[in-house]
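Visitor: Need coordinates for the following:
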Amino acid sequence: MDMTPTRPAATERVLPIVDVGTREAVGPRGRVDLSSPQYTLLLALARFPHRHPLARDEIVALVYGESQRRATVTYVQAVDGLVLRLNDKLAAVGHGRPVRAVKGYGFRLEIDAAYLVT
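Guide: Next up, the predicted model:
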């Protein structure tokens, strides 16, 4: 039995295709540069199966460094802003807003990670 994932139909939502060489999200409406924190967050969320959420303090540690792991109000706001800007960029290239908040916890990716180009 072939276990290779098939590409979804054009009407289905898929993970933004990331050009790892240029750190760009590529979609039906073009390309957009991802900042280093946006790129790091998107790849981290994509690595967790079954839409497993990442806690805000885990995101802070990944993006801003382990020494900042205990999320302060400043870093919580920074993570919220990071997610907002990432979703804005992904929407601009035609992928909607796939990074969703998990109330009181963190964020998760709401689309299948199987289509990420790494």
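Visitor: secondary structure element for the most centrally placed residue in the chain?
Guide: For the chain, the residue nearest the mean C-alpha position is residue 42 (2.6 Å; C-alpha atoms, centre = their mean). Assigned by DSSP states H and E, residue 42 falls within helix 36-47.
Visitor: Quick one: distance of the helix or strand following that helix to the chain centre.
Guide: Sequence-wise, the next helix or strand downstream of helix 36-47 (DSSP H and E) is strand 54-55. Averaging C-alpha positions (C-alpha atoms, centre = their mean, to the nearest Å) puts strand 54-55 12 Å from its chain's average.
Visitor: And stretch 99-107, by the same measure?
Guide: Distance of stretch 99-107 from the chain centroid (C-alpha atoms, centre = their mean) equals 12 Å.
Visitor: can you check stretch 37-52 too?
Guide: 5 Å.
Visitor: Return the mean pLDDT over that stretch, rounded to an integer.
Guide: Averaging pLDDT along stretch 37-52 gives 83.
Visitor: same deal with stretch 91-99?
Guide: 90.
Visitor: Convert that stretch to CSV, retaining C-alpha atoms only.
Guide: Provided in CSV are the C-alpha atoms of stretch 91-99 (Å, rounded to 0.1, in the frame of the first residue of the first chain):
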residue,chain,number,x,y,z
ALA,A,91,-3.4,35.3,4.3
ALA,A,92,-1.8,37.7,1.8
VAL,A,93,-0.5,34.8,-0.2
GLY,A,94,-3.8,32.9,-0.1
HIS,A,95,-3.5,30.5,2.9
GLY,A,96,-6.0,32.1,5.3
ARG,A,97,-5.1,32.4,9.0
PRO,A,98,-4.0,28.9,10.0
VAL,A,99,-2.3,29.7,13.3
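Visitor: What lies in contact with the longest helix seen in the chain?
Guide: Identified as the longest helix of the chain according to DSSP state H is helix 73-92. When contacts are defined by C-beta atoms under 8 Å, 6 or more residues apart in numbering, helix 73-92 is touched by residues 16, 25, 27, 29-30, 32, 34-35, 37-38, 41-42, 56, 59-60, 63-64, 68, 71, 96-99, 101, 107. Yep, even glycine has a C-beta here, placed from its N, CA and C like the rest.
Visitor: Go through that helix and flag the buried ones.
Guide: Using 16 or more other C-beta atoms under 10 Å as the test for burial, helix 73-92 gives 75, 78-79, 82-83, 86-87, 89-91.
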